[in-house]
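>>> Model the following, please.
(2 chains)
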Amino acid sequence: MAKDMREPIESGCPDPWQYMHPVMRKNFGQWKWHDHPRPGVLRHVAYSGDEVWTVKAGTQRILDVFTLRKLCDIGDQYADGYVHFTLRSNIEYMVTEESRVQPLIDALEDAGFIVGGTQNSVTMISHTQGWLHCDIPGTDASGVVKAMMDELIDEFRNANMPNRVHITTSCCQINCGGQGDIAINVQHTKPPKINHDLVANVCERPSVVARCPVAAIRPAMVNGKPSLEVDERKCICCGACYPPCPPMQINDAEHTKLAIWVGGNHSNARGKPTFQKLVAAGIPNNPPRWPEATAIVKRILKAYKEGARDWERINEWIERIGWPRFFEEVELPFTKYHIDTWRGARASFNSSSYIRF
Amino acid sequence: MAIDKHQTPMLDQLEDGPWPSFISGIKRLRDEHGDGRINEITNDLLGQLEHSYETRKGYWKGGTVSVYGYGGGIIPRFSEVSQAFPKSKEFHTLRVQPPAGNHYTTGMLRQLADSWEKHGSGLVTFHGQTGNIMFIGADTKATQHFFDEINDYGWDLGGAGPCVRTAMSCVGAARCEMSCTNELKAHRMLVNNFTDDVHRPALPYKFKFKVSGCANDCQNAIERSDFAVLGTWRDDMKVDQEEVKAYVKAKGRQYIIDNVITRCPTQALSLNDDDTLNVNNRDCVRCMHCLNVMPKALHPGDDKGVTILIGGKRTLKIGDLMGTVIVPFKKLETEEDYEEMVELAENIIDFWAENGLEHERCGEMIERIGLANFLDGVGVDADPNMLAHPRESSYVRLDGWDEAAEEWFEKQAEKAAG
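Sure thing, here's the model as predicted:
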């Protein structure tokens, strides 16, 4: 029992210095420039003259220990035993001589990993947990991403987009996947179905009421039991009540759909960061390969690749050509649902005579 | 020992195609791992996942699980269909804080893999959306054993629930010439000052720190963190005119004009007749675009520091918010500089802990009470850098104007006097 009561060591975030490639330690803060010799490879040169060649590879993200050890074997045999993971779960190996780059790439590709994802490519789709592990998901995450990356693999391998493309997915409207140039997110279309027998025992009712963004939930007695009721005319079907109150089931095999958003851009380069905008909805949540969502993503990417100028991210390209032409080029319908109704919506209206013909 | 394998016709279709398949990985654990416990867990996990694919529903519910001494750090998952899939009945995730900047040796990854397959399912992700290493799939008892083991060699849990969350930082100074600060130090100084608030959730809601070394903001700090630290500089950017000429020669004048000069958001650049670059540094907003295009020719200046933005978050509850500039520029060189930043974080978290409503992010509180009241509350002076533009509405009481104006001039005089 004493062993079970071990006091934790509250060490927090570990010091990365001990895990950092020696040439990165030596030249910390002393890098001078970089270039992009080929897709999947970056070369950084330090003021000291030292070079570090980085090879980036995509993986399945949900790693089994066999795959993790395989990645380690490659790092030991072809690199220096140091790796770095990017924000989008790509793995990066560092070597100090150009001659070691190609053997490393070959080893990664032989083992089934995909080298690429650098600069103006469609890099790995960032995703959430989905049906594999989340408690509130409307769809899967790893499966959507696997199916989509199968189709976008050439865009990952070949950096030939106008600028980088960050795609994200989210399995509910809380949107853990975050902002993306293209975001594929769950969008519920019907209010929650309430199991009134369970609410009183499972849910802390005042916090559920407080959680609703549109004040559509109120306490009520149903069948003689304390429960909650939803004003379905007000309800925006966001699902915010479902996490604190699982008897308010929001997920539905038919009515939980996917929506696609574009133009989220985290960078300050050329313009301030932007949030993504809704462009398509009502897309079937169709496992195991979600072909309808992938088809729309590919249409958007095709139009962007053909129409955008160098360095334009998706938001900048649309800003230049205008929304009417965007909808035309990607062959998506424009509807009244594209008009924002949330607070601040007025700022998204066109209050000028600027019309493109 | 042979196990009765669940049929997974839908998941099997995710083994086709060229991208690495997570389903094939889980099946390897089921079919090839030497530990029968892992074979059984992953078999039932696949069974439940197939059931989700068939019915388009999730079947995990949350609960309360933590390790001795902590209140968070674990995402508890109990199966709602455990009768059909009993071996993965408890399938919790441990959120473990990565080293700042996500650097690992293969030796350390192997050690973590060894510990994990002893206690857990053998599935792991580097990293989840908050930035944690996600060790996915352990029963309640195993979470404690696994934590005890890895905690002994330097790993600690991250945050889950209403608490300070695991922080993130870019690769930064370790490998990037755009880096304007020591991202790793800022990251660790900030989050490790709040270990108690990471491990024992007692705040209104989550609070995230993210550090990006420049305005490219590779960590999405402005959009995704309550406390965003972005590297910048305030002296002139460095221009290597010979390299500028080399770019013009290699790419052509028109390319440089179309892709560098005219893309500057504040028209701070012009190309001289001799193919050198003219920079108006007072108009430059340090957006990073021209440095991105010409990394050999252009570099950040020497007087580096950070900009701090507060209040970024995703949709729930009031809609998406980006961070707002609270500190336009702060040097981060001496220990005192870092301590001042940590102190600001403490003031902000304290003020929010007292004034935030339940489940209200810091940015939402600022939206509710107003930026000016927030600045009063945390003891920061108003600065025009905090705004895109001054107020447009005349609906305001201004009877304190004269004093505020006087205060402004006094403070400007103090600053000028140094």
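>>> Does A:Ile300 touch A:Val330 like I think?
Yes: using CB atoms under 8 Å, A:Ile300 is in contact with A:Val330, at 5.2 Å. From N, CA and C alone the C-beta is placed, and that goes for glycine too.
>>> list the residues that contact both of these two?
Residues touching both A:Ile300 and A:Val330 (CB atoms under 8 Å, 6 or more residues apart in numbering or on different chains) are A:Val279.
>>> Domains in the chain, by residue range?
Defaulting to chain A. A:16-115, A:130-189+A:253-338, A:193-246 (automatic domain parsing).
>>> The chain in question should be chain B.
Split by automatic domain parsing, chain B gives B:1-160, B:168-233+B:303-417, B:238-299.
>>> So which of those domains is the most surrounded?
Of all those, domain B:1-160 has the most neighbours on average by mean count of other CB atoms under 10 Å in any protein chain shown, namely a mean of 21.
>>> Please, which helix or strand holds B:Ile257?
B:Ile257 is part of helix B:253-259, with elements assigned from DSSP states H and E.
>>> how about that helix against chain A, any contact?
Yes: under the criterion of CB under 8 Å from any CB of the partner chain, helix B:253-259 makes contact with chain A via B:258-259.
>>> mean confidence for that helix?
Across helix B:253-259, pLDDT averages out at 98.
>>> C-alpha coordinates for it, PDB please?
Output of helix B:253-259 as PDB, limited to C-alpha atoms (Å, rounded to 0.1, in the frame of the first residue of the first chain):
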ATOM      1  CA  ARG B 253      12.900  42.500 -60.300                       C
ATOM      2  CA  GLN B 254       9.300  41.800 -61.000                       C
ATOM      3  CA  TYR B 255       9.200  38.800 -58.700                       C
ATOM      4  CA  ILE B 256      10.700  40.800 -55.900                       C
ATOM      5  CA  ILE B 257       8.300  43.700 -56.400                       C
ATOM      6  CA  ASP B 258       5.300  41.400 -56.700                       C
ATOM      7  CA  ASN B 259       6.300  39.000 -53.800                       C
END
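>>> Throw the domains of chain A into TSV and include mean pLDDT and distance to B:His51, thanks.
Below are the domains of chain A laid out as TSV (pLDDT from 0 to 100; distance: least, CB to CB, whole Å):
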stretch	mean pLDDT	distance to B:His51
domain A:16-115	98	18
domain A:130-189+A:253-338	97	9
domain A:193-246	96	18
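>>> can I get the ones you listed in CSV with mean neighbour count?
Converted to CSV, the domains of chain A look like this (neighbours: other CB atoms under 10 Å in any protein chain shown):
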stretch, mean neighbour count
domain A:16-115, 20
domain A:130-189+A:253-338, 21
domain A:193-246, 16
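>>> what would the ones you listed look like in a markdown table with distance to chain B?
Listed next are these as a markdown table, based on distance: least, CB to the nearest CB, whole Å:
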| stretch | distance to chain B |
| --- | --- |
| domain A:16-115 | 4 |
| domain A:130-189+A:253-338 | 3 |
| domain A:193-246 | 5 |
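>>> Could you dump the ones you listed into CSV and include distance to B:Gly107?
Formatted as CSV, the domains of chain A follow (distance: least, CB to CB, whole Å):
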stretch, distance to B:Gly107
domain A:16-115, 7
domain A:130-189+A:253-338, 28
domain A:193-246, 39
